[in-house]
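> test case, fold it:
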Amino acid sequence: MSSEDTLQIGVRYIKGVGESREKLMLRLGISTLGDLICHFPRAYEDRTQFKQTNSLIIGETVCVRAMAATAPQLSHIRKGLDIVKLRAVDEVGSIELTFFNQSFIKDAIKPGETYIFYGKVDGTLTKPAMVNPLFERDFSEERKGAVPSQSSITGRIMPVYSLTAGLSQKMMLNAVRNALNKCAEDLPDILPKNIVKEHELCTARYAYENIHFPQDIKALEIARKRLIFEELFMLATAMRHLREKGMEKTGTKLTMPDWEEFLKALSFKPTGAQMRSINEAAFDMISDRAMNRLIQGDVGSGKTLVAAACCFMTWKSGCQAAFMAPTEILAKQHYSSLSKLLEPLGLHMGLLTGSMTAKQKRDIYAKLSLGEIDLIIGTHALISQDVSFRNLALVITDEQHRFGVNQRSMLTEKGDSPHVLVMSATPIPRTLALIIYGDLDVSVIDEMPPGRRDIETYVVSEKHRQRVYGFIKKLVSEGRQAYIICPMVEELEGTAENTPGNFLDSYDKKTTTLPHLTGLTSAVEYHKKLKAEIFPELKVELVHGKMKTKQKDEAMRAFADGEADIIVATTVVEVGVDVPNAALIIVENADRFGLSQLHQLRGRVGRGAHDSFCVLFRGADGENSRERLEIMRKTNDGFKIAEQDLKIRGPGDFFGSRQHGLPEMKIANLASDMVILSQAQTAANENLNADSKLCKPENRKLAEKIMQLFEISADKLN
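As a prediction, the model looks like this:
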């Protein structure tokens, strides 16, 4: 049986698993022996730390070697509650031990015998205690100097696994042990030997053994480094392969236009970063290969101008462009802003959204197929079967991570290998961008247009609500407008305290709060309360994702046109709403949002000539919540915020619904393992430069694994 065959053995055939436990393991994505050994521990317990009873610290978790000084006493407190108590002693003191609903302890612990107890220290400094500690007989004298056996539960570093109901840590531990015993000789060593040597990596066998059953902390670190490097090396190799595959596509060769005509049509001078990005895209489009480029920039950095320049160039080359936005609101905004810039130059534009009438859609379909529309802007309606182009040469998607792979490819298939430009306002570190968007060239707009103001941000608690409402009234009286963002379904609650921002100090100094908002369960309820009780004299609109498109658009139009003073909304306004007169955004229960999402929301204000403000109401009172929101207060730099967000939440949540195009990481963390990521990426590139098709014998196993990765992640790696 080959090593690959061994790893494909069904998990039910592993000793200690069987059919019933196999069903439980399937919930964790474990179906084969290979899956089981790759179900890495989520944490570890260091049970190597021994302390004497007179040096214990309340709250720490340690091992104590002590003799049972009293016989365990069993007490029946009530039905369903038994307690066993005993006292254990060492050379310097004693510890009280209590076990709940473990009546077997009465006979398991013998007075006069020495045991090792592992648990969290409770009680007081003079009378330490442990509740429900793990324990085992102390055989240290018999096995002095020996490494604790695999059956030991103390004196070693213990893995802690992610589980599901019905599986215990002990079951998982035994299953992994038996799986490793079965495939010890067949563990895949896929990294070329020269890379293992150059980066001082251990063997695969050592890595798998010590990631699950580490000899010590150093062995665990060595194992982790190897497995993290291997996972990121494979990912970087796969992404480079995709990139080169994409470069083989020949695109429509466009001609370089006279940019003076385009630049004269602008009412402002583009930033250096914008011009650099335009040039990078333009040189892609005059080459023989299809452009595949990501334009990445912070909120308000001017990505749309780059898209407009690419559309202008496509039109000048006699071809069509399609621009797909994730929401109807955003599609209409892009249509409005690009029409003002491009139509005076002679370019014909069209808009296609789901809410248009059948007749309007048929008219657009006909004009597109005849080539009478040079640039079509729309939503997912662009990928419908009825849409066809005469000569589609450029596809643009906004907010890249909001579209699934299939949606993007369905639009590009409407042309003959069209150039592709994707835009994202979610700034991420460049090294990470090269992995996540490995099949794309990356342009970064890292310069803000002149005049773009920083937004003053304040983190406040419920007790400051009156002052915030007072501030809203003051801004509205000056002609400004405000957003109030809240979760759609979650209850609104606020209990924590915080120091008010200085702008709040100049308003109502009363500390009395308005009635608590715990009864408001949605944006709908909150809107009613604001309208009827808090701002009866103001025009308050409501917009949320469950509204009909027509209602939603009408509410947004009223706000954008200045007919509404306040708009209560869910995160549907996160992208696409451009209201220069809006100078304040308030986010309820801000700790329930990711930092990057809060930054996107904050970017809805500060778009005009007025000083702008963001107020974040803190719902939770935890230290993590406080620290996270403080990051928002301290910086307006989207890249810094994104790095923090990535560290806190990981890439899955960071990009939402795992649409970031990456296979799930088993052990690597794309935020905290950036140094190894960079090393693995360099090594992967050097290896592919020397053997681009992975044909050499030393790359055979790697090539097999990469093909397997493509098969498993076919819907993600496009």
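> OK, contacts around Ser317?
For Ser317, the contacting residues are Thr252, Leu254, Thr255, Pro257, Ala393, taking C-beta atoms under 8 Å, 6 or more residues apart in numbering as the criterion. All C-beta atoms are positioned from the backbone trio N, CA, C, and that covers glycine.
> what about the fourth one, neighbour count?
The criterion is other C-beta atoms under 10 Å. On that basis, Pro257 has 16 neighbouring residues.
> which non-adjacent residue is nearest it?
Spatial nearest neighbour of Pro257, chain neighbours left out: Lys316 (4.1 Å); criterion: C-beta to C-beta, 6 or more residues apart in numbering.
> got it, and the first one?
The spatial neighbour of Thr252 that comes closest, neighbours along the chain excluded (C-beta to C-beta, 6+ apart), is Ala393 at 4.1 Å.
> so that neighbour lies in a helix, does it not?
No - secondary structure of Ala393, determined by DSSP: H, G, I helix; E, B strand; the rest coil: strand, with no helix assignment.
> quick one: neighbours of it, just the number.
Ala393 has 26 nearby residues by other C-beta under 10 Å.
> please apply the same query to Asn279.
Neighbours of Asn279 under the rule other C-beta under 10 Å: 15.
> so what's Leu24 up against?
Under the criterion of C-beta under 8 Å, 6+ apart, the contact list for Leu24 reads Thr164, Ala165, Gly166, Leu167.
> try it again at 6 Å.
Contact partners of Leu24, counting by C-beta atoms under 6 Å, 6 or more residues apart in numbering, are Thr164, Gly166, Leu167.
> next, format these as TSV and append distance to Lys529 and neighbour count.
Conversion of these to TSV gives the following (distance: C-beta to C-beta, whole Å; neighbours: other C-beta atoms under 10 Å):
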residue	distance to Lys529	neighbour count
Thr164	42	13
Gly166	45	12
Leu167	46	18
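> from these, which ones fall inside strands?
Mapping those onto strands (DSSP state E) picks out no residues; all lie outside.
> so which of those comes closest to Asp637?
Distances from these to Asp637 were compared by C-beta to C-beta; the smallest belongs to Thr164, at 40.5 Å.
> give me the phi and psi angles of that closest one.
With angles defined as degrees, to the nearest 10, Thr164 sits at phi -130, psi 160.
> quick one: pLDDT of it?
Note on Thr164: pLDDT of 90.
> look up the closest residue to it, ignoring the ones flanking it.
In space, and not counting its chain neighbours, Thr164 is closest to Arg27: 4.5 Å by C-beta to C-beta, 6+ apart.
> quick one, phi psi at that neighbour?
On the backbone of Arg27 - angles per degrees, to the nearest 10 - the values are phi -60, psi -30.
> could you measure from it over to Leu7?
Note on Arg27: its distance to Leu7, by C-beta to C-beta, to the nearest Å, is 20 Å.
> of these two, who's got more company?
Leu7 (20 against 12).
> for the nearest residue to that one once chain neighbours are set aside, give me phi and psi.
By the measure of C-beta to C-beta, 6+ apart, the closest residue to Leu7 outside its immediate chain neighbours is Gly34, 3.5 Å from it. Main-chain dihedrals, Gly34, degrees, to the nearest 10: phi -60, psi -40.
> what does the one 10 residues further on give?
According to degrees, to the nearest 10, the main-chain angles of Tyr44 amount to phi -140, psi 150.
> in contact with the closest residue to it other than its chain neighbours, which residues?
Closest residue to Tyr44 apart from its sequence neighbours, by C-beta to C-beta, 6+ apart: Ile157 at 5.3 Å. When contacts are counted by C-beta under 6 Å, 6+ apart, Ile157 touches Tyr44, Asp46, Pro214.
> ok, of the residues you listed, which come out buried?
Applying a neighbour-count criterion of 16 or more other C-beta atoms under 10 Å, the buried members of the contacts of Ile157 are Pro214.
> between the contacts of Ile157, which is closest to Gln481?
Sorting the contacts of Ile157 by how near they are to Gln481, with C-beta to C-beta, puts Tyr44 at the top with 52.5 Å.
> does the closest one have beta-bridge partners, and which?
Pro159 (DSSP bridges).
> report the separation between it and Tyr161.
Using C-beta to C-beta, one obtains 10 Å as the distance from Tyr44 to Tyr161.
> try Phe471
From Phe471 across to Tyr161, the span is 50 Å (C-beta to C-beta).
> and the chain, what are its domains?
Here the domain parsing of the chain from automatic domain parsing is 1-43+168-184, 49-155, 259-287+302-424, 456-635.
> what's the closest of the ones you listed to Ser692?
Nearest to Ser692, of all the domains of the chain, is domain 259-287+302-424, at 19.9 Å by C-beta to C-beta.
> quick one: mean pLDDT for the closest one?
Here the average pLDDT along domain 259-287+302-424 is 90.
> how far does it sit from its chain's centre?
Computed by C-alpha atoms, centre = their mean, to the nearest Å, the separation of domain 259-287+302-424 from the middle of its chain amounts to 28 Å.
> helices of the stretch 601-718 of the chain, start to end?
For the stretch 601-718 of the chain, the helices identified by DSSP state H, counting those that start in this stretch occupy 623-634, 638-655, 674-690, 700-712, in order along the chain.
> swap that for the stretch 101-250 of the chain, please
For the stretch 101-250 of the chain, the helices defined by DSSP H, counting those that start in this stretch cover 105-108, 169-183, 193-198, 204-212, 217-247.
> worst mean pLDDT among these?
Ranked by mean pLDDT, the helices of the stretch 101-250 of the chain bottom out at helix 217-247, which scores a mean of 86.
> and the next element down the chain from it?
Once helix 217-247 ends, the next helix or strand along the chain (criterion: DSSP states H and E) is helix 259-264.
> report the buried residues of that following helix.
If you call a residue buried by 16+ other C-beta under 10 Å, then helix 259-264 has these buried ones: Phe262.
> again, but for stretch 481-488
Gln481, Ala482, Tyr483, Ile484, Ile485, Cys486, Pro487.
> my guess is the fourth one is in a strand, correct?
Okay, so that is Ile484. Yes - when classified by three-state DSSP, Ile484 is found to be part of a strand.
> what residues are up against it?
Residues counted as contacts of Ile484 (C-beta under 6 Å, 6+ apart) are Val568, Ile586.
> that one and Leu475, how far apart?
From Ile484 over to Leu475 the distance is 12 Å, taken as C-beta to C-beta.
> same question for the first one.
Using C-beta to C-beta, Gln481 is found at 8 Å from Leu475.
> just the last one next, same as before
In this structure, Pro487 and Leu475 are separated by 24 Å, where distance is defined by C-beta to C-beta.
> one step back: and the contacts of Leu24, which is closest to Lys548?
Distances from these to Lys548 were compared by C-beta to C-beta; the smallest belongs to Thr164, at 40.4 Å.
> let me see the contact set for the closest one.
With contact set as C-beta under 6 Å, 6+ apart, Thr164 has these partners: Leu24, Arg27, Leu28.
> which one among those gets closest to His419?
Distance to His419 across those (C-beta to C-beta) is lowest for Leu28, with 42.5 Å.
> how many neighbours does that closest one have?
Here the neighbour count serves as a burial measure; for Leu28 (other C-beta under 10 Å) it reads 16.
> and it, that's in a helix?
No - counting by three-state DSSP, Leu28 is not part of a helix but coil.
> how about the domains of the chain in CSV, adding distance to Met239?
Formatted as CSV, the entries for those read as follows, by distance: least, C-beta to C-beta, whole Å:
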stretch, distance to Met239
domain 1-43+168-184, 20
domain 49-155, 38
domain 259-287+302-424, 14
domain 456-635, 22
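> and Lys705, which of the ones you listed is closest to it?
Ranking the domains of the chain by distance to Lys705, with C-beta to C-beta as the measure, places domain 1-43+168-184 first at 9.8 Å.
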